[in-house]
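# here is my input, please return the structure:
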Amino acid sequence: MSKLMSLHDAIRDHVHPGDLVYASGFTHLIPFAAGHEIIRQGLKDLTLARATPDLIYDQMVAAGCARKLIFSYIGNPGVGSLHRIRAALESGELEWEEYSHFGMISRLQAGASGLPFMPMNPTGAADLAANNPNYQQIVDPYSGAAVMVVPPLKPDVAIVHAQRADQQGNAQIWGILGEQQLAAFASQRVILTVEEVVDQAVIRSDPNRTIIPGMVVDAICHVPYCAHPSYTQGYYDRDNEFYLDWDKVSKTQQGAQDYLDEWVFDLPDRAAYWDKLGLDVHHRLNPGDRFSQPVNYGAY
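Next up is the predicted model:
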């Protein structure tokens, strides 16, 4: 049975006020279009979890979507602060939990594996452990040494962007991999956005690229250019100029609100957003072609 639906309907049906939302992707494949649709639909009181909040959560915090943030590194990558998140944290408007990258991924691993906690060796995050009560120590039953543990992270909904999937939700990713698979398996519901919807035969022709199996996916949304200003390997490059521009725009709440009014609320969907960016941006982000070599899986 096909799980295809519009992004509007997927957000309406699967993201609810008060949910813990995990938008996945590490630099690559960040589902900005889904974040914009959450803003557009006026969803509030969300707990937003990501290893790196990136601009997607800065925009959602600016729009008033978030009650709490769960994160590891926080910042505008390569630029500086996420100004709207920083202002909300400093004012006390936004609750927060901070982890190391390894701590955050360990929490997802526990959630994906159905485990009550995940052991991890200390990774230079002593200050985090001292200030975050979710870091606990237990005794290693084999060596008697102290072992740090973190609890599972089990989002209500994960949003994952991928290059392609079939209509059943079997999704393939190439390029930099993040925590997409862990987030999908740890979550109660999964919204999958893709650049292309392809025949099942395409997926079966290259099974090693299938990172997300359809059995954990609730909705598939065909959303070309979903990840801009992030990038999708082979489809469009990272828009570094946008990251620099957002640093200026977001220094004030009014600047961020003006951006949201023009680029989210005044546009119906991602297609309109991409058209509004214009041909110069389209050409600048065109990645060109560099094909991998074919693999012989053998006849069967």
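
# mind listing what's buried in the helix or strand of the chain with the lowest mean pLDDT?
Across the helices and strands of the chain, mean pLDDT, DSSP states H and E gives its lowest value to helix 126-131, namely a mean of 87. Within helix 126-131, the residues scored as buried using 16 or more other C-beta atoms under 10 Å are 128, 129. The C-beta positions use only the backbone N, C-alpha and C, and glycine is treated the same way.

# distance between it and the chain's centre?
From the chain centre to the centre of helix 126-131 is a distance of 25 Å (C-alpha atoms, centre = their mean, to the nearest Å).

# can you tell me the average pLDDT over stretch 21-39?
The pLDDT scores in stretch 21-39 average 97.

# now do residue 167, the pLDDT please.
Per-residue pLDDT puts residue 167 at 97.

# mind listing what residue 164 touches?
Going by C-beta atoms under 8 Å, 6 or more residues apart in numbering, residue 164 touches 171, 172, 194, 195, 196, 197, 198, 202, 203.

# selecting buried members of these in PyMOL, what would you type?
Applying 16+ other C-beta under 10 Å to those leaves a buried subset, and the PyMOL line that selects it is:
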select buried, resi 171+172+194+195+198+203
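
# dump the longest helix along the chain to CSV, restricted to CA.
Secondary structure of the chain per DSSP state H: the longest helix is helix 101-113. Included here for helix 101-113 are C-alpha records, laid out as CSV according to Å, rounded to 0.1, in the frame of the first residue of the first chain:
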residue,chain,number,x,y,z
HIS,A,101,27.4,14.5,20.4
PHE,A,102,28.2,11.0,21.6
GLY,A,103,25.7,11.3,24.4
MET,A,104,23.0,12.4,22.1
ILE,A,105,23.6,9.6,19.6
SER,A,106,23.9,7.1,22.5
ARG,A,107,20.4,8.2,23.6
LEU,A,108,19.0,7.6,20.1
GLN,A,109,20.8,4.2,20.0
ALA,A,110,19.1,3.2,23.3
GLY,A,111,15.7,4.3,22.0
ALA,A,112,16.2,2.5,18.7
SER,A,113,17.3,-0.7,20.4
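
# elements contacting it?
Under the contact criterion of 3 or more C-beta pairs under 8 Å, 6 or more residues apart in numbering; DSSP states H and E, helix 101-113 touches strand 118-120, strand 146-150, helix 180-186.

# and the angle for it with strand 146-150?
Computed by axes from the mean of the first three to the mean of the last three C-alpha atoms, to 10 degrees, the angle separating helix 101-113 from strand 146-150 equals 70 degrees.

# to residue 105, which of the helices and strands packed on helix 101-113 lies closest?
helix 180-186 (6.9 Å; C-beta to C-beta).

# what strands line up against whichever helix or strand comes after that closest one, and which way round?
Toward the C-terminal end, the helix or strand that comes next after helix 180-186 (DSSP states H and E) is strand 189-197. Sheet pairing here is set by DSSP bridges, and for strand 189-197 it gives strand 157-165 (parallel), strand 219-222 (parallel).

# winner for burial among these?
Ranked by mean neighbour count under mean count of other C-beta atoms under 10 Å, the strands paired with strand 189-197 are led by strand 157-165, which reaches a mean of 28.

# output that one as PDB - backbone C-alpha positions only.
Output of strand 157-165 as PDB, limited to C-alpha atoms (Å, rounded to 0.1, in the frame of the first residue of the first chain):
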ATOM      1  CA  VAL A 157       7.900  11.700  15.500                       C
ATOM      2  CA  ALA A 158      11.100  11.700  13.400                       C
ATOM      3  CA  ILE A 159      11.400  13.600  10.200                       C
ATOM      4  CA  VAL A 160      13.900  12.200   7.800                       C
ATOM      5  CA  HIS A 161      15.000  13.500   4.400                       C
ATOM      6  CA  ALA A 162      16.400  11.100   1.800                       C
ATOM      7  CA  GLN A 163      17.400  11.100  -1.800                       C
ATOM      8  CA  ARG A 164      14.800   8.600  -3.000                       C
ATOM      9  CA  ALA A 165      12.300   6.000  -1.800                       C
END
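
# got CSV for the helices and strands packed on helix 101-113, with mean neighbour count, distance to residue 104 and mean pLDDT too?
Shown next, in CSV, are the helices and strands packed on helix 101-113 (neighbours: other C-beta atoms under 10 Å; distance: least, C-beta to C-beta, whole Å; pLDDT from 0 to 100):
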stretch, mean neighbour count, distance to residue 104, mean pLDDT
strand 118-120, 19, 11, 94
strand 146-150, 18, 8, 94
helix 180-186, 23, 10, 98
